[in-house]
Structures are given as structure tokens and as C-alpha cells.
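[1] Just the structure for this:
(2 chains)
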Amino acid sequence: DAGVIQSPRHEVTEMGQEVTLRCKPISGHNSLFWYRQTMMRGLELLIYFNNNVPIDDSGMPEDRFSAKMPNASFSTLKIQPSEPRDSAVYFCASSLDQGQQETIYFGEGSWLTVV
Amino acid sequence: SQQGEEDPQALSIQEGENATMNCSYKTSINNLQWYRQNSGRGLVHLILIRSNEREKHSGRLRVTLDTSKKSSSLLITASRAADTASYFCATDDRRNRDDKIIFGKGTRLHILP
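    Numbering: from 1, shown residues only, chains lettered A, B, ... in the order given. Reported below is the predicted structural model:
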């Protein structure tokens, strides 16, 4: 299996621009997670989906952030408008939901810099 | 929010020595996991220990879990330079019927040659 695939790997954008991060989970996995990692705050759970349905979005920082999962093989995290404080590494991860906590498989991350 | 906290934040040891990292958490859990992150990469799962287990081994890794103290430890024996990475514990919350998993801030381990 190719693992969790994220794109882009690196993005530099100007403040105010829209940013869209993409994720393809491992085939057959039905839970998908978006995390953000910074030096100051560590690894924060932004939102997670189960069977394409958002279950918990309490970690989404504000209305500028939105996430969708239109089907089992694709998810997006959008920031509009972006701000310099959004600069971070954004990880997508997936797991096979078997009714209890299972191993989470991470992508390599999308490194976002907002200038 | 319920979260694992690793201790120490950073650890430097000589190659060949054992490295011990600790994790404390706040609520009852179903399972606890340890992950590793090399610089610039995603997290990689190392080991999962269930709440009814007290100790688990995987190669040079040994994990213990003390649910009465709400703590876990990760021991890496005979450390190697390639073990240099950040190590995270991750926990769920038994009160929730979901897969929400929260990570601690990690321990940065540096193995000195």
C-alpha cells in the first residue's frame, strides 16, 4: 500500500490567499484525521472523520478553517484567508475503525508557510 | 483537554545506553500508543498497549503501563544513532465512544555517537 498521501508537500503563500491541502487515506481505512504541528503547540487534532462524516471538529481554530471528505478516498483542509500564524506542518492520518483505538498511519505532512 | 504529557522534553544519551521516556495522562483510557517522528517526517507507530496489559515488548522497545498512576514508560535498550527522533505517546478517552486520539508534545531523543 502507498500509505497516506498528502499534497502539496511544501507550500509558501502570501497572507490572505486561500490554501487547500489534500489527503488520500489508506484504502479501506474509515477514520481520517487532520493534525497540525508547531513547535509551540505540539501536535493538535483539528478534525476527524469516520465513514466520511465529521465526528469532532472542536480543534478547528476558527472559521477560516474548513475540512471536507466527499468520499472515502479523499479529504481536503482549506484555509481561507490564510494568516502567518497558520504556518505549520499539517498532517493527515487514517486508521481502520474497529470499534476501539487502533494504529494511526500518518502522511508525510504538508509544510505550510504563510508570509 | 485530555492529553498525554511526555517527560523529559529532551534527552541526550550515549550510543549503547538505554533511553527511558515517560508519559502521563489524565483520564481513563482504552489503549495507549507510542509513536516516533524523525525530523521532517510523519509519525510512525511503534507499539500499542491496552489498558488491561502492564508490559509489552517489541524488539528493543519495552513499554509499561500503570493505569492506577495514569502513566506509561517507553524504554529503548542499547540505543543507536538511528534512534534519534521525537517520541510521542497517544491516548484515547474511555468516556468517549469515538476514535479521537490525542498526542502529547513529545520527547526529543538525541543519541550521541
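[2] rest of the way, CA atoms for contacts and neighbours
    OK.
[3] Student question: in chain B, what's the helix or strand with minimum average pLDDT?
    The weakest-scoring helix or strand in chain B, judged by mean pLDDT, DSSP states H and E, is strand B:5-7 (a mean of 83).
[4] List the buried residues of whichever helix or strand comes after it.
    Once strand B:5-7 ends, the next helix or strand along the chain (criterion: DSSP states H and E) is strand B:10-14. Residues B:11, B:13 are the ones in strand B:10-14 that count as buried (16 or more other C-alpha atoms under 10 Å in any protein chain shown).
[5] what is the rounded mean pLDDT of strand B:10-14?
    Averaged across strand B:10-14, pLDDT comes to 95.
[6] That one near chain A anywhere?
    No - Strand B:10-14 is not in contact with chain A by C-alpha under 8 Å from any C-alpha of the partner chain; minimum separation 13.2 Å.
[7] hmm, who's touching the least confident helix or strand of chain B?
    Strand B:5-7 has contacts (C-alpha atoms under 8 Å, 6 or more residues apart in numbering or on different chains) with B:21-25, B:88-89, B:104-107.
[8] buried stuff in it?
    In strand B:5-7, counting by 16+ other C-alpha under 10 Å, buried: B:5-7.
[9] and if you look at stretch A:60-70?
    Buried residues in stretch A:60-70 (16+ other C-alpha under 10 Å): A:60, A:65-69.
[10] So which of these belong to helices?
    Of the buried residues of stretch A:60-70, none are assigned to helices by DSSP state H.
[11] Which of the residues you listed sits closest to B:A78?
    A:M60 (40.8 Å; C-alpha to C-alpha).
[12] Do you know the pLDDT at the closest one?
    pLDDT, read off for A:M60, is 94.
[13] Contacts only, for it.
    Here A:M60 is in contact with A:46-47, A:66 (criterion: C-alpha under 8 Å, 6+ apart).
[14] Check A:G109 too.
    A:6-7, A:9, A:89-92, B:41-42.
[15] Report the buried members of these.
    A:6-7, A:9, A:89-92, B:42.
[16] Can I get these in CSV including distance to A:Q80 and secondary structure?
    Below are the buried ones among the contacts of A:G109 laid out as CSV (distance: C-alpha to C-alpha, whole Å; DSSP: H, G, I helix; E, B strand; the rest coil):
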residue, distance to A:Q80, secondary structure
A:Q6, 19, strand
A:S7, 17, strand
A:R9, 19, coil
A:V89, 17, strand
A:Y90, 15, strand
A:F91, 18, strand
A:C92, 19, strand
B:G42, 25, coil
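[17] which residue packs closest to the residue of chain B found nearest chain A, ignoring adjacent ones?
    Nearest residue of chain B to chain A (C-alpha to the nearest C-alpha) works out as B:G42 at 4.4 Å. Distances taken as C-alpha to C-alpha, 6 or more residues apart in numbering or on different chains put A:E108 closest to B:G42, at 4.4 Å, once the chain neighbours are dropped.
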